[in-house]
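Student: what's the 3D shape of this:
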Amino acid sequence: MPSYPARITMSNRALITLADALRRNRITLGTRWRRLHPAAQALLVLAHLHKGETYADLAVGFGIGTTTVFATCVKRSSCWPRWRRP
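Tutor: A predicted model of the protein is given here:
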């Protein structure tokens, strides 16, 4: 499981659900590779959404560029599965 150098209380289910959605999206798009694997992308997106971390702080924490963080957060946030309400 990927780690991020900050204290974030978040459910493991949310991380796994988003990572699975990202994997399915990669298969659908036929993407060959990304800088981060789906679990790390999910953690990055959830850290941004949950904690409000800046792109620069996330870039340093994950060891990637701020442009990569921006693209990941913007593009991958739309992969979040739509929950069905009863």
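Student: which helix runs longest in this structure?
Tutor: helix 12-29 (DSSP state H).
Student: now the first helix or strand past that helix going along the chain and helix 12-29, what's the angle there?
Tutor: Per DSSP states H and E, the first helix or strand lying C-terminal to helix 12-29 is helix 38-51. Relative orientation of helix 38-51 and helix 12-29, computed by axes from the mean of the first three to the mean of the last three Cα atoms, to 10 degrees: 120 degrees.
Student: put the alpha carbons of the helix or strand following helix 38-51 into PDB.
Tutor: Following helix 38-51 in sequence order, the next helix or strand is helix 55-62 (DSSP H and E). Output of helix 55-62 as PDB, limited to C-alpha atoms (Å, rounded to 0.1, in the frame of the first residue of the first chain):
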ATOM      1  CA  TYR A  55      -0.100  20.800  -5.700                       C
ATOM      2  CA  ALA A  56       3.400  21.800  -4.700                       C
ATOM      3  CA  ASP A  57       3.200  20.000  -1.300                       C
ATOM      4  CA  LEU A  58       1.900  16.900  -3.000                       C
ATOM      5  CA  ALA A  59       4.600  17.000  -5.700                       C
ATOM      6  CA  VAL A  60       7.300  17.100  -3.000                       C
ATOM      7  CA  GLY A  61       5.600  14.300  -1.000                       C
ATOM      8  CA  PHE A  62       5.300  12.000  -4.000                       C
END
